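*Asks:* Need coordinates for the following:
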Amino acid sequence: MTDREFGLLRLPESVLVGVGTLAALPRTVVELGRTALVVADPFVATKPWFKQALASLAAAGVEATVTTDVVPELPVGEVERVAEAARAASPEVVIGIGGGSALDLAKLVALLLTHPGPLSTYYGENAVPGPVVPIVAVPTTAGTGSEVTPVAVVSDPARELKVGVSSPRLIPRRAIVDPELALGAPATVTAYAGIDAFVHAVESFTTRRAAPDWSTAPPVFVGRNLLSSLLGLEAVHVIGCNLRAAVHEPFNLPAREAMAYGSLLAGMAFGTGGTHLSHALQYPVGAATKTPHGLGTGLLLPYVLDALRPAIEPELLQLGDALEVPPGPGNERSQAVVEAVRALVRDIGVPGSLAELGVSREQLPRFAELAEGVTRLVQNSAVAASRELLDTVLDAAWAGTLSETRN
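*Replies:* Numbering: from 1, shown residues only. I've put the predicted structure just below:
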């Protein structure tokens, strides 16, 4: 390993972002195939624009089969059932339209249409053996960044935590990001999706820095690098300055445009830079509490940053610039950055402690034990993710107190 600077990005063949870009869907799909499976969020499927999009596909000569069997948090059995039902359509293209669950389901169905199950065969990193059915991703929330990432997450009851399938093979071939599709989304949906995008940006900027051995296939997440840092820092600024407005003013189009752009940047950043402890800990927390992914990562982020603060102070100071935190002495300002992150989380309605989710203190050791097993994330931490460190984060998150308060 070396501490030399390097950069790595893996992205779709094309990315469109901006108001009105949904109009590009028919020509985008036709370039990839004439039979399509549309995986759509059931709420999205009721929208007039969705029906218009289907009509435009038909007018372009695309035969589309629609499934709206998108279950939140994607239980693995449901993913396999949808994939099996989709085989009869023999789609040449899979189109995902909706939030993170819809896009992740589209990715996993495209995988299982090409390679045999069970889905557990592909858990972890780089286990997908070859190309999958081409994917066109159309997000309707600004959150997961799944339209540009190599990751899909499922809930596996047998494992007591959520599990990731991570492979560059899962990156959609095309992404269309139209901010108008998010107009009017409920405050909680906007908040939990938006704070998850913020966590992606922050964690990709605060990961470990160590170049992989380029003579072999690198891991999916290679840690902070020149390109991920550039994108992640800009995403922090854009999201940090617009998330409150998007949550509290659901028809604020400029705020929605900014959030779509910021979430996209954050997805690009963590697609190679990766995430770390907030996500590793959220997997068991989310599985136990049945709470949305973004709620968990957003709740945990201030406590993760607080625990890592001595090791990532230079990065925190740069994040402070992006968040427009006033100047001050280094140690005090890095603490102010952590407080600013917690204020953002609080202001959009994310709970401030695990206790508020109904978690008991007795559950924390098991959460730490399970998180230790999410090696693709814990090994990305800027500080070795010892059991003591994970316990410290969970204890603070349960009590809802930062280190300065405790001291």
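*Asks:* Let's test this: name the helix or strand in the protein with the lowest mean pLDDT.
*Replies:* helix 403-406 (a mean of 66; mean pLDDT, DSSP states H and E).
*Asks:* where along the stretch 151-300 of the chain do the helices fall?
*Replies:* Shown for the stretch 151-300 of the chain, the helices assigned by DSSP state H, counting those that start in this stretch span residues 187-205, 226-248, 253-273, 277-289, 293-322.
*Asks:* Nearest to Leu181 among these would be which one?
*Replies:* helix 253-273 (8.6 Å; CB to CB). Placement of C-beta: from N, CA and C, glycine included.
*Asks:* how far away is Glu92 from Ala86?
*Replies:* 12 Å (CB to CB, to the nearest Å).
*Asks:* And those two? Which one has more around it.
*Replies:* Ala86 (21 against 16; other CB atoms under 10 Å).
*Asks:* Show the pLDDT at the residue nearest to that one when sequence neighbours are not counted.
*Replies:* Nearest non-adjacent residue to Ala86, counting by CB to CB, 6 or more residues apart in numbering: Leu37, 5.2 Å away. Note for Leu37: predicted pLDDT of 98.
*Asks:* so is Leu37 in a helix, a strand, or just coil?
*Replies:* strand (DSSP: H, G, I helix; E, B strand; the rest coil).
*Asks:* what are the bridge partners for it, then?
*Replies:* In this structure, Leu37 bridges to Thr65, Val94 when assessed by DSSP bridges.
*Asks:* what's near enough to touch it?
*Replies:* Ala64, Thr65, Val66, Thr67, Ala86, Ala89, Pro91, Val93, Val94, Ile95, Val109 (CB atoms under 8 Å, 6 or more residues apart in numbering).
*Asks:* Let's see that with 6 Å instead.
*Replies:* Thr65, Ala86, Ala89, Pro91, Val94 (CB atoms under 6 Å, 6 or more residues apart in numbering).
*Asks:* ok, now how distant is it from Asp178?
*Replies:* Taking CB to CB, one finds Leu37 at 20 Å from Asp178.
*Asks:* Could you do Val359 as well?
*Replies:* In terms of CB to CB, Val359 sits 37 Å off from Asp178.
*Asks:* hang on, the earlier thing: nearest to Thr216, out of the helices of the stretch 151-300 of the chain?
*Replies:* Using CB to CB, the nearest of the helices of the stretch 151-300 of the chain to Thr216 is helix 253-273, at 16.1 Å.
*Asks:* now that closest one against helix 226-248, angle please.
*Replies:* 150 degrees (axes from the mean of the first three to the mean of the last three CA atoms, to 10 degrees).
*Asks:* on contacts alone, who are the packing partners of helix 253-273?
*Replies:* helix 187-205, helix 226-248 (3 or more CB pairs under 6 Å, 6 or more residues apart in numbering; DSSP states H and E).
*Asks:* try 7 Å this time
*Replies:* strand 14-17, helix 187-205, helix 226-248 (3 or more CB pairs under 7 Å, 6 or more residues apart in numbering; DSSP states H and E).
*Asks:* Tell me which residues of that helix come out buried.
*Replies:* Buried residues in helix 253-273, counted by 16 or more other CB atoms under 10 Å: 255-273.
*Asks:* One more: stretch 39-47?
*Replies:* For stretch 39-47, using 16+ other CB under 10 Å, the buried residues are Val39, Ala40, Asp41, Phe43, Val44, Ala45, Lys47.
*Asks:* Check the closest residue to Gly99 other than its chain neighbours and give its pLDDT.
*Replies:* Nearest residue to Gly99 in three dimensions, chain neighbours excluded: Thr141, at 4.2 Å (CB to CB, 6+ apart). Looking at Thr141, its pLDDT is 96.
*Asks:* how close does Thr141 sit to Ala191?
*Replies:* Taken as CB to CB, the span from Thr141 to Ala191 is 11 Å.
*Asks:* Leu377 now?
*Replies:* 23 Å.
*Asks:* sec struct for the spatially most central residue of the chain, please.
*Replies:* Centroid-nearest residue in the chain, with CA atoms, centre = their mean: Thr144, separated by 3.2 Å. Assigned with three-state DSSP, Thr144 falls in the coil class.
*Asks:* how about the nearest residue to it, chain neighbours excluded?
*Replies:* Gly100 (3.3 Å).
*Asks:* ok, now Leu22?
*Replies:* Asp178 (4.3 Å).
*Asks:* and if you look at Val109?
*Replies:* With CB to CB, 6+ apart, the residue lying closest to Val109 is Ala83, at 4.6 Å.
*Asks:* Contacts only, for that neighbour.
*Replies:* Contact analysis of Ala83 by CB atoms under 7 Å, 6 or more residues apart in numbering lists Val109, Leu112, Leu113.
*Asks:* and what of Val151?
*Replies:* Taking CB under 7 Å, 6+ apart as the test, what Val151 contacts is Gly164, Ser166, Leu170.
*Asks:* cutoff 6 Å now
*Replies:* Gly164, Ser166.
*Asks:* With Asn225 as the reference, measure out to it.
*Replies:* Separation of Val151 from Asn225 (CB to CB): 17 Å.
*Asks:* same thing with Gln52?
*Replies:* For Gln52, the distance to Asn225 - CB to CB - is 41 Å.
*Asks:* Out of these two, name the residue with the larger neighbour count.
*Replies:* Asn225 (23 against 12).
*Asks:* list the buried ones in the helix or strand encompassing Glu80?
*Replies:* According to DSSP states H and E, Glu80 maps onto helix 76-86. Neighbour counts over helix 76-86 (16+ other CB under 10 Å) mark Val76, Glu78, Val79, Glu80, Val82, Ala83, Ala86 as buried.
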